[in-house]
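predicted model and sequence below, questions to follow.
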Amino acid sequence: MSGEGTNGVSRRKFLKIVGQGSALATLAGCGKSSVQKIVPYVKGNSLRIVGSPLWFKTTCNECSAGCGIMVKTREGRAIKIEGNPEHPVNKGGVCARGHSALQDLYDPDRVRQPLYREGKGAAFKAVSWTKALSILQEKIGTARAKAYLGREGTGALRKLLSTWCKAVGARQVVYTPNPFDKEAESARLVFGYYGIPNYRLDRADVVVNFGADFLESWISPVEYSRKWAKSRKRKPPCRYIHFEPRLSLTAAKADRWISIAPGAEIMVVRLLIKEAIASGRGRGLKGSALKAATKLSASVDYSSVSTATGIDKSILKKVSERLLSAKAPLVLAGGTPARSEDPLGLLVAVNLLNLALGAVGSTVELSSLRVAERSSLSDVTHLIEEMSKGSLDLLFIDDSDPVFNLPSDFGIKEALKAVPFVVSFSSHLDDTTSFADMVLPSHTPLESFGDSAPVEGVYCLSQPVMKPVFDTRHFGDILLDTARLLGKEISRGTFASYLKDSWKAIYKKYGDSSQPFERFWLESVERGGFFAPTSRQRTVKPSKGLSGIKFSLPQFSAREGGDVVVYPFATVRSSEGRFANRPWLTEVPDPLSQVSWDAWAEIHPETAAKNGLSEGDRVTIRNYFGELNLNVYITPYVHKGIVAVPIGYGHRRYGRFAENIGGNVKELLDSSKAKKACLSALLTTKASLIRSRVAGDLVKLQGSDSQLGRGLARTSYVEEDAFHHASDVRIKESGFSHHDNHGKEHEKPKEMYEQREHPLYKWAMTIDLASCTGCSACIVSCFAENNISVVGKRLVSQGREMAWLRIDRYFDGDEENPQVSMMPMMCQQCDNAPCEPVCPVYATYHNEEGLNVMVYNRCVGTRYCSNNCTYKVRHYNWAEVVFPEPLNWQLNPDVTPRSVGVMEKCTFCVQRIVEAKDRAKDQGRKVKDGEVQPACMQSCPTKAITFGDINDKDSQVAKLSKDKRAYKVLDHYVNTKPSVTYLENIKYKEV
């Protein structure tokens, strides 16, 4: 029978038309109507498999540490950042800031094209690059006095910027908001070499620290976190003693935090130098170093130091004994205590103490120095004076935001108004750019070529991982194009070619002459740089300038008023303010205060009571220079008589996620002391505390500050000469004794149901609480990998945050020596999961690989599973998720987006498990141990998380789950049989 009808329509064509019509009719009633186009690859690419990711090795530029990263791209879009395991700085770890670089790339509030306004106060108008550069050419040609204000850049860009400033006749004024140049200068004075020494925490047996928060914000947090974790895994572990006025993240992970009066750290160091010389350990002091140390140690004793610091003499004696008896001692200083009006005093004194203890060459390496960013605040001061007088015609500003970062009485705002024409190269309309007349937006680091040398012999390369998101240009190309228009060509090509040419010097020094430069260059790009760490033999050469260093306590002038010391501090979330418009960092709570979406004022209970403040209030912090209105956070873990405030908040202009959150503490600082110190001094002022009439709205995610005797986050203690395992100690702070319950806990309970077998794989995880710092890198990594939505302050305050992974923080012990526990908590993938039997639609079930699986399109949102979850790790979508364009470009196509009314939780990154299984199947094998790395594990700087198949007895996770410190949270009470095993924290009981 013929398939043709009388009208010429075949049977096949008829069914095709009917099928398409039915499908279209069905789709018309579902969701929003939108036109979508499928664009196929017309031309194939042998190097790219559609649906498979491409990885680019580059360098993280979120701070000066110089960590190597790998960026995962799909179909031309960057979607995930991981650490480069081959990079000598971070060796695979990434911090929360590094992950957030994606939200800088896709920031919906970025400047999308050149902006120009005619006259001060007029509105910005978008212009083309051709017109913008033409206007700039005219302004440069007619301006007599010109200046550049900003960072000096790194590598080839540093050289180009210097050359460009000379070519256009602009004076270069280098300004970096938070440099570590004083650490480098103090090393030059004591050791004879300008640079930051390599502090070998991994070799030390006793570390005494004066405010250097190396786990969160000091110099190279990922690198030092890794070394810290390594030092704690030794037997016996390294002992950490931390002096600081507030409990920072590093102080919280120390064996003993000693609260000290702000600025009094120098007194303790002087005492320790005196004791070191008296004990005969000062043989390393010679020449000017010996003279300076002798001068330092004069007129100090335990009584005077105890009076100045507020620390009991018995504690000071124990610290001295412990440090002097150490075989590999190390002393550190940094952070706010090293940012007073005389910053070199504390830093030089600590270097002298390390020299006296014989630490140089052992735990203080001079063989490979870290390069420090420069900043000249004296030059900035002179420039502002010229601007205010009207002596400057044209100002270029790049990557520093001085309006936000300088104390308000510097007068930078008024000075900018007096400059006829201001050009900003910022990619954001920040507080400084709002005063500009023209904005030439530059690429973000993930769109740019660049290089740096953070450590001697470590040459890092950055490369663009995708095409520019907006109509922006590389900062180097803007400089080159401008020079060409002025007839002063610096280089014929682009900045990329300029960079490549500059690497010929590195090739000449380190390259293999038998291979061409092109091969050396391509291999360096593929690796993310060229790594040839140096090991120079350097002898200590103390400077004669040591005699001029002042070793004094900070003074507060009378005009500041008030009796409470303002103590600004940096956090992993905000730094100097560059990260304020990244919602991941804003929503993730501060590790210790657990505050989200806000700045806060940390105040001791006695100080709060004296000023009539209580929890839930807002406080006005006021002095001669300005005032702030912040939420009160009352905590005993801050010194009496101070108010500690995080820096980086309080932007008036920047973006939707940053504006009007908290306040800018730098508005309370004294510029005269910053000018004296030649850096952005932080420890300079006092203020009054005034209770506000407006009620506070502080949002904290921590439910209970104490474990309440439940033994959730457990601790093993180390005695003097022996490492005691968990079964040998008691945890008095939590009220739970592992020793008392050890027999009962491991009895096999009766089962009501037959346990499901796991014939091929049984996925499991271990988390070492002794290695976890609470840095939050795992949380941000999980946000990026699993398309987790940011819900904002209002929903977070209602307990409707969506993070699959949280870090519970518990304070136990006494106020003077708290036991701080950091505990990552995600879905425990229980074998006896309480959530599974209560789901009426079988949306969550247990699969044959041990995973507690979620089927989103079955879920009807009863929330029974959440109510029944022992660990409270399930989250309900109360609203439809909206990712502002282009933030939605970052979404991982391998992870299903969740809609309103659906439950979600940690899946152990099941998409990565599936990928590894597919790869293993294609190769005819099982998944190898370590082949599957969930996002949290892959990013952890300390490698606290281990994942794998527990059925494989040789796997790392199987071995760790049988460790004597291993336990499962609440399993002995509710028999949930979690697949997550925790290893108890370790700590010394005594100083």
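That came in fine, so what should we check first? Owing to the predicted nature of the structure, the values given are computational and were not obtained by experimental measurement.

low-confidence ranges in the stretch 151-300 of the chain?
For the stretch 151-300 of the chain, no stretch is flagged by pLDDT under 70.

now do the helices in it.
155-168, 181-191, 221-232, 249-252, 265-278, 287-297 (DSSP state H, counting those that start in this stretch).

okay if I get these as CSV plus mean neighbour count?
For glycine as for every other residue, the C-beta is placed from the backbone atoms N, C-alpha and C. Shown next, in CSV, are these (neighbours: other Cβ atoms under 10 Å):
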stretch, mean neighbour count
helix 155-168, 19
helix 181-191, 23
helix 221-232, 24
helix 249-252, 26
helix 265-278, 24
helix 287-297, 20
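
figure out which of these is closest to Val957.
helix 221-232 (17.7 Å; Cβ to Cβ).

distance from the chain centre to that closest one, please.
14 Å (Cα atoms, centre = their mean, to the nearest Å).

now stretch 586-601
14 Å.

can you give me the buried ones in that stretch?
Using 16 or more other Cβ atoms under 10 Å as the test for burial, stretch 586-601 gives 586-601.

over to stretch 790-804?
Buried residues in stretch 790-804 (16+ other Cβ under 10 Å): Val790, Val791, Gly792, Leu795, Val796, Ser797, Glu801, Met802, Ala803, Trp804.

tell me which two of the residues you listed sit farthest apart.
Ser797 and Trp804 (19.6 Å).

what about the helices in the stretch 601-750 of the chain?
Using DSSP H, counting those that start in this stretch, helices in the stretch 601-750 of the chain cover 605-610, 671-677, 738-745.

same thing with the stretch 351-500 of the chain?
With DSSP H, counting those that start in this stretch as the criterion, the stretch 351-500 of the chain has helices spanning 377-389, 402-405, 412-417, 475-485, 495-502.

highest mean neighbour count out of the ones you listed?
Highest mean neighbour count of the helices of the stretch 351-500 of the chain: helix 402-405, a mean of 23 (counted as mean count of other Cβ atoms under 10 Å).

elements contacting it?
helix 412-417 (3 or more Cβ pairs under 8 Å, 6 or more residues apart in numbering; DSSP states H and E).

one more time with 10 Å
helix 377-389, helix 412-417 (3 or more Cβ pairs under 10 Å, 6 or more residues apart in numbering; DSSP states H and E).

and stretch 950-969, end to end?
Start to finish, the residues bounding stretch 950-969 are 18 Å apart (Cα to Cα, to the nearest Å).

now do that stretch, average pLDDT.
Averaging pLDDT along stretch 950-969 yields 95.

stretch 778-788 now?
96.

mind listing what's buried along that stretch?
Cys778, Ile779, Val780, Ser781, Cys782, Phe783, Ala784, Glu785, Asn786, Asn787, Ile788.

name the element the residue lying closest to the first one once chain neighbours are set aside belongs to?
This means Cys778. Closest residue to Cys778 apart from its sequence neighbours, by Cβ to Cβ, 6 or more residues apart in numbering: Cys936 at 3.7 Å. Per DSSP states H and E, Cys936 falls inside helix 935-939.

tell me which other helices or strands that helix touches.
strand 77-83, helix 96-99, strand 763-768, helix 777-785, helix 910-922, strand 945-949.

same for the fourth one, what does it pack against?
By that I understand helix 777-785. So helix 777-785, by 3+ Cβ pairs under 10 Å, 6+ apart, packs with strand 77-83, helix 96-99, helix 101-105, helix 221-232, helix 583-587, strand 806-813, helix 935-939.

how far off centre is the shortest one?
Read that as helix 96-99. For helix 96-99, the distance to the chain centre is 5 Å (Cα atoms, centre = their mean).

try the first one
Mean-position distance between strand 77-83 and its chain equals 16 Å (Cα atoms, centre = their mean).

for Leu461, what are its contacts?
By Cβ atoms under 10 Å, 6 or more residues apart in numbering, Leu461 lies in contact with 57-59, 68, 155, 449-452, 499, 503, 521, 524-530.

are any of those buried, and which?
Of the contacts of Leu461, these count as buried by 16+ other Cβ under 10 Å: 57-59, 68, 155, 449-452, 499, 503, 521, 524-525, 527-530.

among these, which are in strands?
Lys57, Thr58, Thr59, Gly68, Gly450, Asp451, Ser452, Gly529, Phe530 (DSSP state E).

Provide a list of residues in contact with the third one.
The neighbours of Thr59, taking Cβ under 10 Å, 6+ apart as the test, are 65-69, 84, 87, 89, 154, 445, 450-452, 454, 459-463, 528-529.

tell me how far Ala436 lies from Tyr654.
As judged by Cβ to Cβ, to the nearest Å, Ala436 and Tyr654 stand 14 Å apart.

ugh, typo on my part, it should be Ile945
For Ile945, the distance to Tyr654 - Cβ to Cβ - is 34 Å.

before we move on, the earlier item: next, format the helices and strands packed on helix 402-405 as CSV and append mean pLDDT and distance to Gln137.
Below are those laid out as CSV (pLDDT from 0 to 100; distance: least, Cβ to Cβ, whole Å):
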stretch, mean pLDDT, distance to Gln137
helix 377-389, 90, 22
helix 412-417, 92, 22
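
and those helices: which comes nearest Ser248?
Here helix 377-389 is closest among those (Cβ to Cβ), at 24.9 Å.

which secondary structure elements does the closest one contact?
Against helix 377-389 (3+ Cβ pairs under 10 Å, 6+ apart) you get strand 146-150, strand 170-174, strand 394-398, helix 402-405, helix 412-417, helix 671-677.

now it against strand 394-398, angle please.
140 degrees (axes from the mean of the first three to the mean of the last three Cα atoms, to 10 degrees).

chain center to helix 377-389, what's the gap?
For helix 377-389 - counting by Cα atoms, centre = their mean - the centre lies 32 Å from the chain centre.

what does stretch 106-124 give?
Worked out by Cα atoms, centre = their mean, stretch 106-124 lies 29 Å from the chain centre.

what do you get for stretch 839-853?
For stretch 839-853, the distance to the chain centre is 35 Å (Cα atoms, centre = their mean).

let's have the chain start at 555 instead
Sure, I'll start counting at 555 from here, so that last one is stretch 1393-1407.

gap between the two ends of it?
Note: stretch 1393-1407 ends 12 Å apart using Cα to Cα.

pLDDT on it, on average?
Mean predicted confidence for stretch 1393-1407 is 94.

what of stretch 1373-1390?
On average, stretch 1373-1390 scores 94.

sweet, I'm off.
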